[in-house]
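**Q** Sequence first, then the predicted structure, then my questions.
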Amino acid sequence: MRAGHGALNRLQRFLLSRERFFPHSRFLAPAPALEPGISPRVSCFSFSTASNPINSPPAPSQEQGGREEPPRRPPSPASWIRAKLTDLGRDLKLVPPLARSLGLAGAIPFVALSPPIAYVLPLPELLSSIHAADAQAAYGALILSFLGGPHWGVAMASPESSSPVSFSGYTIATVRYVWGVTPCLLGWFAMLLPRSSGLAVLVSSFLLALAVDWAMAARGLLPGWYLPLRMLLTGIAVMSLGSTLLLLLAKDLPRRVESKIEAARKER
């Protein structure tokens, strides 16, 4: 019995000494030393890995005869869009009711002045002499200038030294002051351009404003409910302005084609 105990203890010390050189054998956790009176036929190793995740054996591969999990199929575009809309609807519940109501009410002119709704609704007589695209672009410029106001107000309310966050070496207050006036300039510049070019500038400016708000929210510099509301309202504004832009381009396409044909004839 003593000879069996001695041989078993020497084997155990040998495996423990080789554990430093063979890290994959660490899942063989040695059991406590055998006490006198215990049969040497009892196993001195424990293969249970639940108590120590470090000693877990590596996942079996195909070379070792294991079975790999089949790759997950990517979701279809329809299911991905449905999931994103579900997440957005859940996040919109966090928006204060008054802010949500005022924001949705402010999106009504975008929808009402977009084709073909603008040609169906009985608009006021004041707008009868104005092209619907011009009225929509003017309203878009006003709303775009409003998007810089929250950043200017937050910069005034919070001391510059209270936030350690910075953008490319500039303090957050400096970035907010500069960006607070940028949408106004972009909207004014869009109104100086022809209809199609002005609408294109407005669509790009709304997307840029959303990207800036996204960057601010990612750094915790905006309320958590503000970005979901901005995403919804920006989507409505961009789709409304984009539909008007596409209609103008479609109407202007035959004239451009005729002008190019006429120019080609003159060159001959």
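**A** Structure's in. What do you need?
**Q** I'd say Ile172 and Leu221 touch.
**A** Yes: between Ile172 and Leu221 there is a contact under CB atoms under 8 Å: 6.4 Å. In this view, the C-beta of every residue, glycine as well, is placed from N, C-alpha and C.
**Q** out of the two, which sits in the busier spot?
**A** Neighbour comparison, Ile172 and Leu221: the larger count goes to Ile172, with 21 against 18 (by other CB atoms under 10 Å).
**Q** Okay, that one and Arg90: tell me how far apart.
**A** Distance of Ile172 to Arg90, computed by CB to CB, to the nearest Å: 29 Å.
**Q** try Gly235
**A** According to CB to CB, Gly235 stands 16 Å off from Arg90.
**Q** So these two - more neighbours on which side?
**A** Set Gly235 next to Arg90 and count neighbours by other CB under 10 Å: Gly235 wins out with 14 against 10.
**Q** would you say that one is within a helix?
**A** Yes: counting by DSSP: H, G, I helix; E, B strand; the rest coil, Gly235 is located in a helix.
**Q** Was I right to think Leu247 contacts Pro115?
**A** Yes: here Leu247 reaches Pro115: they are 4.8 Å apart, a contact under CB under 8 Å.
**Q** any weak-confidence spans in the stretch 51-200 of the chain?
**A** Counting by pLDDT under 70, the stretch 51-200 of the chain contains low-confidence ranges at 51-71, 80, 84, 123-129, 159-169.
**Q** And the strands in it, which stretches?
**A** Applying DSSP state E, counting those that start in this stretch to the stretch 51-200 of the chain gives strands spanning 166-167, 170-171.
**Q** Sheet-wise, list the partners of the last one with their directions.
**A** I take that to be strand 170-171. Strand 170-171 has the following sheet partners, assigned by DSSP bridges: strand 166-167 (antiparallel).
**Q** can you pull out the helices in the stretch 151-268 of the chain?
**A** 172-191, 195-218, 226-267 (DSSP state H, counting those that start in this stretch).
**Q** Let me know which of the ones you listed is the nearest to Pro77.
**A** Among the helices of the stretch 151-268 of the chain, helix 226-267 comes nearest to Pro77, with 16.8 Å by CB to CB.
**Q** What helices and strands are in contact with that closest one?
**A** Applying 3 or more CB pairs under 8 Å, 6 or more residues apart in numbering; DSSP states H and E, one finds that helix 226-267 contacts helix 77-92, helix 97-106, helix 108-112, helix 132-146, helix 195-218.
**Q** angle of it against helix 97-106?
**A** Between helix 226-267 and helix 97-106, the angle comes out at 10 degrees (axes from the mean of the first three to the mean of the last three CA atoms, to 10 degrees).
**Q** Taking helix 77-92 as reference, get the angle to helix 226-267.
**A** Angle between the axes of helix 226-267 and helix 77-92 is 130 degrees (criterion: the same axes, to 10 degrees).
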